[in-house]
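Asker: my questions concern the predicted model and sequence given below.
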Amino acid sequence: MDPDDFGHSDSSKGGGEGYLTGQLLIAMPSMRDPRFTRTVIYMCVHNDQGAMGLVINRLVGSIKFADLLEELDLKSEPVAADRFPTIHFGGPVETGRGFVLHSDDYLGGDTMPLEDGLAMTATIDVLRDIALGSGPDKAILALGYAGWGPGQLDGELQENSWLSVESDPDLLFGRDLDDKWEKALAKLGISASLLSTDAGHA
């Protein structure tokens with residue numbers, strides 16, 4: 001699914017029965033794709049046209065927000081680099097494109113409202129506003145996204161590649177990325193140590 005299709009899809013609460021819009025996807029230990037090993041993904045949209053989400057617990061190498069601002073020739077207040085110090089690996093699709101998942105206290109002209117007080121903006125305007133200290137209170141800046149075609153994610157769910165759980169701001173925007181996977185599982189009452197790589201294939 002192309003993110004540009006967002007405005008033309010039904011992203012109402014839950015995206016429809018059986019859909020996971022607004023939920024967190026948790027990769028099972030049996031996940032075979034190394035790009036998604038132990039990932040937690042916020043689902044921006046999931047409907048009959050496909051699905052799109054952003055990985056919230058993996059970074060893009062050593063690139064810093066300040067470096068990106070310099071590359072884009074954007075002026076920045078010193079506090080901006082401290083508030084948003086890292087850049088996330090949002091997924092393997094369009095890795096040169098930036099997406100900001102943020103609280104809905106910021107709404108630009110191209111901002112897409114999401115679930116539960118969240119929104120997403122994929123234009124340079126939000127980066128400029130963050131740099132100047134007038135952006136959203138909470139935000140994740142990600143390069144790339146995770147995308148699935150019609151029915152593709154549904155098939156992966158049936159194969160027990162993913163679990164899903166309600167999202168929450170602390171888990172979503174927390175800076176300690178190393179334990180987000182375990183915390184997401186704990187929300188389901190599952191201990192990561194009890195999961196084997198054969199889970200779901202007995």
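Answerer: The structure has been received and is ready for your questions. Numbers count the residues shown, from 1 in each chain.
Asker: and the strands in the protein?
Answerer: For the chain, the strands defined by DSSP state E occupy 23-27, 40-47, 50-55, 59-64, 86-89, 93-103, 112-113, 118-121, 139-148, 162-166.
Asker: helices or strands up against the fourth one?
Answerer: In terms of contacts (3 or more CB pairs under 8 Å, 6 or more residues apart in numbering; DSSP states H and E), strand 59-64 is packed against strand 86-89. (Each C-beta comes from the backbone N, C-alpha and C, glycine too.)
Asker: neighbouring strands - and their directions - for the strand it packs on?
Answerer: strand 59-64 (antiparallel), strand 139-148 (parallel) (DSSP bridges).
Asker: nearest to Leu74, of these?
Answerer: strand 139-148 (12.5 Å; CB to CB).
Asker: just give me the neighbour total for the closest residue to Ser191 other than its chain neighbours.
Answerer: Excluding the flanking residues, the one nearest Ser191 by CB to CB, 6 or more residues apart in numbering is Leu185, at 7.2 Å. Close neighbours of Leu185, defined as other CB atoms under 10 Å, add up to 21.
Asker: what distance do you get for Leu25 to Met43?
Answerer: Distance of Leu25 to Met43, given as CB to CB, to the nearest Å: 6 Å.
Asker: hey, what's in contact with both of these two?
Answerer: 53, 164 (CB atoms under 8 Å, 6 or more residues apart in numbering).
Asker: picking up where we left off before, need the strands of the chain in JSON lines (columns: distance to Asp178, mean neighbour count and mean pLDDT).
Answerer: Compiled in JSON lines, the strands of the chain are given as follows (distance: least, CB to CB, whole Å; neighbours: other CB atoms under 10 Å; pLDDT from 0 to 100):
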{"stretch": "strand 23-27", "distance to Asp178": "15", "mean neighbour count": "24", "mean pLDDT": "97"}
{"stretch": "strand 40-47", "distance to Asp178": "12", "mean neighbour count": "26", "mean pLDDT": "96"}
{"stretch": "strand 50-55", "distance to Asp178": "14", "mean neighbour count": "26", "mean pLDDT": "96"}
{"stretch": "strand 59-64", "distance to Asp178": "11", "mean neighbour count": "13", "mean pLDDT": "82"}
{"stretch": "strand 86-89", "distance to Asp178": "13", "mean neighbour count": "19", "mean pLDDT": "90"}
{"stretch": "strand 93-103", "distance to Asp178": "19", "mean neighbour count": "18", "mean pLDDT": "93"}
{"stretch": "strand 112-113", "distance to Asp178": "29", "mean neighbour count": "15", "mean pLDDT": "93"}
{"stretch": "strand 118-121", "distance to Asp178": "23", "mean neighbour count": "24", "mean pLDDT": "95"}
{"stretch": "strand 139-148", "distance to Asp178": "16", "mean neighbour count": "22", "mean pLDDT": "94"}
{"stretch": "strand 162-166", "distance to Asp178": "18", "mean neighbour count": "18", "mean pLDDT": "96"}
